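Trainee: starting from these lines, generate the structure:
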Amino acid sequence: MSYQSPAKVQHYVPQFLLRNFGRGKKHHLHVFDKQTERAFETNVKNVAGENHFYDFDLKGHKLTLEPSLSQLESKTKPVLDRLLNADTIHVLSPEERAWLSVFFAVQFTRTRAFREQWRALPELIDEKLRRMAKSDDDLQAVEELIRRPDENQTTLEVARFMIDAPKDFAPHFASKTWLLLQTDRRAPFMIGDNPLTLQNSIDMGPLGNIGLGVRGIEIYFPLSPSRALAMWCPSHEEMFRNAATNLRRLPPEIAATHIRDPSGIEEIATAMDTGRPLRFKPINVINFNSLQILYAERYIFSSVEDFTLAREIISSHPNVRYGPRARIN
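Mentor: Numbers count the residues shown, from 1 in each chain. Next up is the predicted model:
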C-alpha cells in the first residue's frame, strides 16, 4: 500500500473483465443506469470507476490501494484468459485456483456497493437503538454512541477489509465446487458494477441464508457474454452426484416419469466430472442476470442493448434501484 501517483480514475470492476463484454477496438458496451433507467453506450474505461476511489489519508500521509489492485489484476487476467480459451475448469492448477480465490475475495470488498453497505450500518444501528430508547436520556446516549464516518474514514475502513480479504474470504471461495457456465450470445450473461452475486434456496429463518460460508450458498461471477463461473456450496455437489447415481439405477421410463429434469441432473454431474461448461437454460440465464441487476449498486453492463429484464425488475421492486443493504429483523 503506497502513494505513487496512481491513476486518477480507479476502477472497482477490472477493465480487462469489462472488455470481454465490449465490442470493437474501443470495447464499447451497453450500460443501464438503475437509478435513472437510462440506457447508453460507452467505452469500458468510462464505467465502474471513480476519481481517487482507493485513495485516503492516514495520520497525515496520503495512501492508496490502486497500485496493489493493478498488480492483482495483471496477474489474474492471464489465468482467466487461459480458463476461457481452454473452456474447462480442469485447466486451472491448484495454485491458479488459489490465486483466483484471492482475486474474488478482494473483488468482493472493493466495489462501491460494498462501501455503501458499510456506510449504511451506522444508520441501521442508530434506527434500531432509537426504536428501543425509552427516554430522552436514552436518545442522547444513542446520539453520542453512533458516529457517522466521513468519506475518508469510510475509505480507510473498507481498505482494511480489502487488505484482510485474502485471509478472511479467499478460503470460502476456494472451498466451493466450481463450475463453468455456458450460454450463447442470443441470451447473453450481463455483468453489474458489483459482479459477485449470492443466492441460497435454503430457508434459514430470521438468521438469513446469504453469506460466503453459509450452507447451500451459490456464488456467481460473469466472465464474458457466454461464460460465467459458479461457486457452489459442496452440499450441492453431494446432492447432484447422489441424484445422478440413483438416476442411473432406474429404468429410463421410470426416471422420465418420476424424476424432475433427469437430463439436467446428468448434465450437472457431467460438468462436475469433466470440468466442461454446464449449458444454462434460458430460465437459468434470466436468474443469473436478475442477480446481477439486484446486486448492482447502480450500473448494469451488457454486450447487447436489451435491458427489458432490468426495467421489469425495477418496475416491480423500486427498492432495487440501489444495491443490497443489511437489514435488522
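Trainee: going forward, measure contacts and count neighbours with C-alpha atoms only.
Mentor: OK.
Trainee: how far off centre is stretch 30-37?
Mentor: Here the centre of stretch 30-37 is set off from its chain's centre by 18 Å, with Cα atoms, centre = their mean, to the nearest Å.
Trainee: for it, give the mean pLDDT please.
Mentor: Averaged over stretch 30-37, pLDDT sits at 97.
Trainee: how about stretch 306-316?
Mentor: Mean per-residue pLDDT for stretch 306-316: 97.
Trainee: which element, helix or strand, includes Lys75?
Mentor: Using DSSP states H and E, Lys75 falls within helix 66-86.
Trainee: and that helix, what does it pack against?
Mentor: Applying 3 or more Cα pairs under 8 Å, 6 or more residues apart in numbering; DSSP states H and E, we find helix 66-86 packed against helix 94-109.
Trainee: tell me how far the helix it packs on is from the chain's mean position?
Mentor: Relative to the centre of its chain, helix 94-109 is centred 13 Å away, using Cα atoms, centre = their mean.
Trainee: now the angle from that helix to helix 66-86?
Mentor: Between helix 94-109 and helix 66-86, the angle comes out at 130 degrees (axes from the mean of the first three to the mean of the last three Cα atoms, to 10 degrees).
Trainee: quick revisit: may I have the helix holding Lys75 exported as PDB, CA atoms only?
Mentor: The C-alpha trace of helix 66-86 is given here as PDB (Å, rounded to 0.1, in the frame of the first residue of the first chain):
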ATOM      1  CA  GLU A  66      -4.600   1.300  -6.500                       C
ATOM      2  CA  PRO A  67      -1.100   0.000  -7.400                       C
ATOM      3  CA  SER A  68      -1.700  -3.200  -5.400                       C
ATOM      4  CA  LEU A  69      -5.000  -3.700  -7.200                       C
ATOM      5  CA  SER A  70      -3.400  -3.200 -10.600                       C
ATOM      6  CA  GLN A  71      -0.800  -5.900  -9.700                       C
ATOM      7  CA  LEU A  72      -3.600  -8.200  -8.600                       C
ATOM      8  CA  GLU A  73      -5.400  -7.700 -11.900                       C
ATOM      9  CA  SER A  74      -2.300  -8.100 -14.100                       C
ATOM     10  CA  LYS A  75      -1.700 -11.500 -12.500                       C
ATOM     11  CA  THR A  76      -5.300 -12.500 -12.700                       C
ATOM     12  CA  LYS A  77      -6.000 -11.700 -16.300                       C
ATOM     13  CA  PRO A  78      -3.800 -14.400 -17.900                       C
ATOM     14  CA  VAL A  79      -5.400 -17.000 -15.600                       C
ATOM     15  CA  LEU A  80      -8.900 -16.100 -16.600                       C
ATOM     16  CA  ASP A  81      -7.900 -15.900 -20.300                       C
ATOM     17  CA  ARG A  82      -6.500 -19.400 -20.100                       C
ATOM     18  CA  LEU A  83      -9.700 -20.600 -18.500                       C
ATOM     19  CA  LEU A  84     -11.800 -19.100 -21.200                       C
ATOM     20  CA  ASN A  85      -9.500 -20.400 -24.000                       C
ATOM     21  CA  ALA A  86      -9.400 -23.900 -22.700                       C
END
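Trainee: okay, buried residues for it please.
Mentor: Glu66, Pro67, Leu69, Leu72, Glu73, Thr76, Val79, Leu80, Leu83, Leu84 (16 or more other Cα atoms under 10 Å).
Trainee: let me see the mean pLDDT of it.
Mentor: For helix 66-86, the per-residue pLDDT averages 97.
Trainee: then stretch 196-204?
Mentor: Regarding stretch 196-204, the rounded mean pLDDT is 93.
Trainee: what do you get for stretch 42-53?
Mentor: 95.
Trainee: list of residues touching it?
Mentor: Contacts to stretch 42-53, defined as Cα atoms under 8 Å, 6 or more residues apart in numbering, come from residues 7-13, 15, 18-19, 22, 26-31, 155, 193, 299.
Trainee: surely Ile300 is within a strand?
Mentor: Yes. Counting by DSSP: H, G, I helix; E, B strand; the rest coil, Ile300 is part of a strand.
Trainee: ok, Phe114 - contacts?
Mentor: Phe108.
Trainee: distance of it relative to Arg325?
Mentor: If you measure Phe114 against Arg325 using Cα to Cα, to the nearest Å, the figure is 9 Å.
Trainee: now do the shared contacts for the two.
Mentor: With Cα under 8 Å, 6+ apart, Phe114 and Arg325 have no common neighbours.
Trainee: rewinding a little: as TSV, the buried residues of helix 66-86 with distance to Glu267 would be great.
Mentor: Formatted as TSV, the buried residues of helix 66-86 follow (distance: Cα to Cα, whole Å):
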residue	distance to Glu267
Glu66	41
Pro67	42
Leu69	37
Leu72	34
Glu73	32
Thr76	29
Val79	26
Leu80	23
Leu83	20
Leu84	20
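Trainee: now the helices: where do they sit in the protein?
Mentor: Assigned by DSSP state H, the chain shows helices spanning 15-19, 66-86, 94-109, 112-132, 136-145, 151-168, 170-174, 234-248, 252-258, 262-274, 282-295, 308-316.
Trainee: thank you kindly, that will do.
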